[in-house]
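In: need coordinates for the below:
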Amino acid sequence: MYLYELHAHTSECDRDAHLSARELVRLYHEAGYDGMVITDHYIERFYTLWFPEEVAGLTHHQQVTRWLKGFRTAREEGEKIGFTVLPGAEVRFDNGPNDYLLYGVHEDFFYTVPRLNELNSLEKLLTLMPEGVCVVQAHPFRDGMEVRHPDGLFGMEVYNAGTPAFRNELARQFAKHYALAQTSGSDIHDMSRLAKGGIRTGHKILTPEDLIAVLRSNDYTLIENPDLPSDGK
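Out: Residues are numbered from 1 along each chain as shown. This next block holds a predicted model:
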C-alpha cells in the first residue's frame, strides 16, 4: 500500500508552521509515506500579516510565485528521494471563517485566477476550478467554522489531527449522511502532528490527475493516528 499526506503546511508560506518544506519531505519519507500534497494557506494574512514586506509592490504573478515557494521547495526535495509532492491549497475567503482544501490542481492554475481569498464565495471558487478538481471542506466542526450545505463540495475532512475527536466524528457523520467523500489529514504545523493522517491506497500517485482518480474512485482508506493530544486549533 502507498501512503499519502493530504494536509500539510510549510514554514516558507505559513508563519504558524514550524517545519520547512525540506524537513517535511524528509520526515514523511522516513515515516514510510510515499508522497504528500502541500496545502499552504491561501489567505489574506499571507499578504498583510505574514509576508507583507516580501509581497508588497509585486505583481499578481510574482505574488503567486512567492506563495508557491513552499510547494516548489518540497517538490525539489522530493525529486531527490523519489517522494511525490503535489500542489494544493487551503483557501479561506476574506468574508468567512471556513477553510477549503483543493486537490488535483496544477501550479499553473494559480497564475490564471485572481486571488482566491478575495472571491468570498465557494460558488465563485467552483466556477474557476478545472474539471475534476476536488474541493473538500477542512475540519468543518472545529470552533469558529460554519458547516455549509454540501452542494458543490466533493468531500469533507473527517479526520484532522489538530481537531478534537468528537468534532472529527461529527464531520464523519455529516459526510456519511450527505454521501460526501471522506478525507484525512495531519494538518501538520509542527512535529506533534507528524504522520497522523492521510490516505492509504494500492494506486501509486504521481500526478494531480492520479490523485483525483484515487479520490473519486474511493479506492483508499483513511490514516487516523490520534495517539498524541490535539491542540484544538
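In: show the end-to-end separation of stretch 57-75, please.
Out: End-to-end span of stretch 57-75 (Cα to Cα, to the nearest Å): 27 Å.
In: quick one: average confidence on that stretch?
Out: Regarding stretch 57-75, the rounded mean pLDDT is 98.
In: give the residue farthest from the middle of this structure.
Out: residue 57 (27.5 Å; Cα atoms, centre = their mean).
In: just say helix, strand or coil for it.
Out: What DSSP: H, G, I helix; E, B strand; the rest coil gives for residue 57 is coil.
In: state the distance from the residue nearest the centre of the chain to residue 135.
Out: The chain has residue 39 as the residue nearest its centroid, 3.3 Å off, counting by Cα atoms, centre = their mean. As defined by Cβ to Cβ, to the nearest Å, residue 39 lies at a distance of 12 Å from residue 135. No exception for glycine: its C-beta is placed from N, CA and C like everyone else's.
In: overlap of the contact sets of the two?
Out: 101-102 (Cβ atoms under 8 Å, 6 or more residues apart in numbering).
In: residue 24 is in contact with residue 191, correct?
Out: No: judged on Cβ atoms under 8 Å, residue 191 makes no contact with residue 24 at a distance of 10.6 Å.
In: looking at those two, which one has more neighbours?
Out: More neighbours surround residue 24 than the other of residue 191 and residue 24, with 27 against 12 (other Cβ atoms under 10 Å).
In: could you say which helix or strand holds the more buried one?
Out: helix 21-30 (DSSP states H and E).
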